[in-house]
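1. Pasting a predicted model and its sequence here:
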Amino acid sequence: MNSNTEIKLENNLDTKLDLKLEFEKLLNSDNLKLPMLPEVSFKVINLINNPNSSLNDISAIIQQDQAIATHILRIANSAAFAPPTEIVSINQAISRLGFKLLSEIIISISLQLGIFNSKIFKNEMVYLWRFSLLTGLWAKRVSFHKKYNVEATFIGGLLHEIGKPILLNSLSKILNNIEYNEDEMNSLLNEYHLILSKKVMAEWNLPKLVSSITCNYNNLDECVEYKKEATIVYLAHQLAHYSLELHKSNVEQNHNSINSTNNANPMETIITLPQWAGLNYYRDEVEDLIAENDTVIQTLNSMVV
Amino acid sequence: MEIISELETEFKSEVAFDYEFDYVIIGSGPGGQNSAIQAANAGKTVAIIDKEINVGGHCVYYGTIPSKTLREAALAINKLKKFCNLFDFKMREDLEVQTLLSRLDNVLSAHNELIRKQLHKNNIEIFHGRASFIDRNHIQIYKMDGSKIVLRAKFIVIASGSSPRVPEDIYVDHEHILDSDSILNLIYIPQSLLILGSGVIACEYASTFALLGTKVTILEKYDRPLSFMDKELTDIYIEELESYGGEFRGNSVYKSVVWDGVSEVKIEIESNDEHKIRETLSAQKVLFALGRVANLDKLKLQNINIEITDRNLIKVDDNYKTNIDNIYAVGDVIGFPALASTSMEQGRLAVSHSLGLYIAKKFKDLPIGIYAIPELASIGLTEEQANSNYQKIYIGRAFFDEVARAQISGINAGLLKIITDEELNILGVHIIGEDASNLIHIGEMAILNNNKATIFIENIMNFPTMAEAYRIATLDLLSNFKR
């Protein structure tokens, strides 16, 4: 999580205990209200999975939402898509970006505005959002090179830690008067987010493939269905960590390589993950994949609202 | 078989190595497995190298088994559709391809286990990694973690298989423009599918997706699909494809294939005649099925100066030996017919030759099975080939609607065709219809045993069975014979 949090930090044992207690109370409460999947995302995910859907359906969704329309125009004009002329209309943007990319962008924006949004945990949400989107983008790359389905793994990556922003949103209602330790918060989020993710997946009634990835990416040994896709998202999750750390290091070290600043070599850590073997990725293929980092980051920056 | 002698090879260099074997086989597909087992049975030490995690061959995992699993699902759905009214049953509109392939993981896992057990039982060592030649006796294995080991071998068999061929001018994104590996990773059944090419893979996927409700169009440079099959069979194949909504467009050459960035792939085609008429077609997905290329690029064949044909295949002699004495090649890397069944036999024959074993008889007539809907199968000469090689030929046909078993099973479309010479020696058997790939073996055995066609009426076959088609076709042939 972002270390620049604005929340006051204090390492206090009693508070730590309280926070854990609050998490458990929250998750066991019958009153825990799960957020709705943003309507726009729901519609678009259904469109993607419906072979009868057309560009007109997507266009209709964009026209109904001014915020999304604005962001679409901004993204279509960004350097990542390098338009030969300025994109000034939604229809122009649609033909520039295409159905699938447009769908991904709309889901991304609606999730970011709807779920990854909190006044109290603003910086944490920004970090979580960038991380989720980056995981989705890496999942596409990992899939592409082995000819796996890129459509499903992108959404799986995007939603794989959906429990975290939902937990933060729920906590923001009870945390006004409690000071907390950031590391502890991270640790508790990591411990509990999956429970909430599973509840949300059941509530949102998403395609089985997406919910299976979200629920199993971190528990591959027990994954029965869609193990390949869950493995892709697990590896994309690790690549997203690597990308963000590399980016942070580059900023801090005036663009020096992260490899030269740490004792442990993060790239080597990624390359030697045993999960690559499950997808039959050889070391040199992983190295080639990691070399795509700049392109992935560029796409990420163009898609973040 | 009698052992005549064993070819000896000398190690020409002193490369450091980690393990030594009599035989190293590159690739664990059907050709590689049979090579390895044949050598192991002769008491040789054998290693098999495969770049994939599972043993059994890339084609088996990405082609043969998945496409047949999808085909079975399509057939099952088709049967259910026939009973829709009876059981108040309705097909889900958003049926996912992955749902149809739900049995696939179990089938593949069982296949992997079976082959692994078989290799272990024969004391064959399995290495997972990418193989490349250091010299004619030393193979380097690049393992997944980047480490390398070297194997030394007296004999080496290359059975590294093939991959889908993709023209350089087309960007296959595996999302809208697919090859035969990525088509099975589709989430949903596409509304429309354009298939470039009309070989075995193209025709199998065309009929499966058409039966699943996709609007399928096959584009082919020549005037008919499966040009190596008997024309009468391919005509019926096209009729059947059209009966469930598919289309075959012959004499069409693609000029460009572009994803429009919105929702469709556009293909510009040109007629393969003097008019050169251009037309643009579009579809939700495009499948490239324009043949396969041998997996040679990682083998570093330049280190051993192996002879390559102008089609980028390994050149072999009648014994599957390359221009290097101790190196053999079998299966897809040597080209036609590139079938699992023939690769197996090539593997066995190659190793037999290297062992100096007497080979009683080399196979001449290859049975061909195509798992389209309906199935096509063939052995021996086609009508066209028989006409050009013989002065007089006789043909007998059995249409499946004349066969009791076909009537009972609701199989109406189908044909069994027997071609003989004037002495009633069987020159060829060609079948289209359900279970054709099994049924062909009756004809194959008759040809191998030099039987005359009358064997099918002078002996008893169970009734009702599809085998009865042989009897009906022979009776038809004899009536033509008398005339």
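-> Structure's in. What do you need? These numbers come from a predicted model, not from an experiment. Residues are numbered from 1 along each chain as shown, chains lettered A, B, ... in the order given.
2. tell me the secondary structure for the residue nearest the centre of chain A?
-> Chain A has residue A:132 as the residue nearest its centroid, 1.2 Å off, counting by C-alpha atoms, centre = their mean. Using DSSP: H, G, I helix; E, B strand; the rest coil, the three-state assignment for residue A:132 comes out as helix.
3. ok, now which ones touch it?
-> Neighbouring residues of residue A:132 by C-beta atoms under 8 Å, 6 or more residues apart in numbering or on different chains: A:111, A:116, A:157, A:158, A:159, A:160, A:161, A:162. C-beta here means a position set from N, CA and C on the backbone, and glycine is covered the same way.
4. Which helix or which strand is home to the nearest residue to residue A:102 once chain neighbours are set aside?
-> Spatially, and ignoring its direct neighbours in sequence, residue A:102 is nearest to residue A:58 (5.7 Å; C-beta to C-beta, 6 or more residues apart in numbering or on different chains). Residue A:58 belongs to helix A:55-64 when assigned by DSSP states H and E.
5. C-terminal to that helix, what's the next element?
-> Sequence-wise, the next helix or strand downstream of helix A:55-64 (DSSP H and E) is helix A:66-76.
6. List the buried residues of that next one.
-> A:68, A:69, A:71, A:72, A:73, A:75, A:76 (16 or more other C-beta atoms under 10 Å in any protein chain shown).
7. May I see the buried residues of stretch B:60-79?
-> Across stretch B:60-79, burial judged by 16+ other C-beta under 10 Å covers B:60-67, B:69-71, B:73-74, B:77.
8. okay, those residues in a markdown table with pLDDT, secondary structure and distance to chain A next?
-> Putting the buried residues of stretch B:60-79 into a markdown table (pLDDT from 0 to 100; DSSP: H, G, I helix; E, B strand; the rest coil; distance: C-beta to the nearest C-beta, whole Å) gives the following:
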| residue | pLDDT | secondary structure | distance to chain A |
| --- | --- | --- | --- |
| B:60 | 75 | helix | 15 |
| B:61 | 79 | helix | 10 |
| B:62 | 79 | helix | 8 |
| B:63 | 76 | helix | 13 |
| B:64 | 78 | helix | 17 |
| B:65 | 81 | helix | 16 |
| B:66 | 83 | helix | 12 |
| B:67 | 84 | helix | 15 |
| B:69 | 83 | helix | 16 |
| B:70 | 86 | helix | 15 |
| B:71 | 89 | helix | 20 |
| B:73 | 84 | helix | 17 |
| B:74 | 85 | helix | 16 |
| B:77 | 80 | helix | 16 |
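9. now those as JSON lines including distance to residue B:340?
-> Conversion of these to JSON lines gives the following (distance: C-beta to C-beta, whole Å):
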{"residue": "B:60", "distance to residue B:340": "7"}
{"residue": "B:61", "distance to residue B:340": "12"}
{"residue": "B:62", "distance to residue B:340": "13"}
{"residue": "B:63", "distance to residue B:340": "9"}
{"residue": "B:64", "distance to residue B:340": "6"}
{"residue": "B:65", "distance to residue B:340": "10"}
{"residue": "B:66", "distance to residue B:340": "14"}
{"residue": "B:67", "distance to residue B:340": "12"}
{"residue": "B:69", "distance to residue B:340": "15"}
{"residue": "B:70", "distance to residue B:340": "17"}
{"residue": "B:71", "distance to residue B:340": "16"}
{"residue": "B:73", "distance to residue B:340": "21"}
{"residue": "B:74", "distance to residue B:340": "21"}
{"residue": "B:77", "distance to residue B:340": "26"}
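10. Can you name the residues that contact residue 244?
-> No chain in the question, so chain A it is. A:130, A:131, A:134.
11. nope, chain B please
-> Contact partners of residue B:244, counting by C-beta under 8 Å, 6+ apart, are B:207, B:210, B:211.
12. Spit out the contact partners of residue 145.
-> In the absence of a named chain, this looks at chain A. Contacts of residue A:145 were listed using C-beta under 8 Å, 6+ apart, and they are A:281, A:285, A:288, A:289.
13. hm, I was asking about chain B
-> Residue B:145 makes contact with A:272, A:283, according to C-beta under 8 Å, 6+ apart.
14. how about the helices in the stretch 151-300 of chain B?
-> B:200-211, B:231-243 (DSSP state H, counting those that start in this stretch).
15. same deal with the stretch 351-483 of chain B?
-> Secondary structure of the stretch 351-483 of chain B, counting by DSSP H, counting those that start in this stretch: helices at B:383-389, B:404-409, B:436-448, B:455-458, B:468-482.
16. who does the second one touch, helix- and strand-wise?
-> It refers to helix B:404-409. With contacts defined as 3 or more C-beta pairs under 8 Å, 6 or more residues apart in numbering or on different chains; DSSP states H and E, helix B:404-409 has these neighbours: helix B:468-482.
17. Buried residues in the helix it packs on, which are they?
-> Buried residues in helix B:468-482, defined by neighbour count with 16+ other C-beta under 10 Å: B:468, B:469, B:470, B:471, B:472, B:473, B:474, B:476, B:477, B:478.
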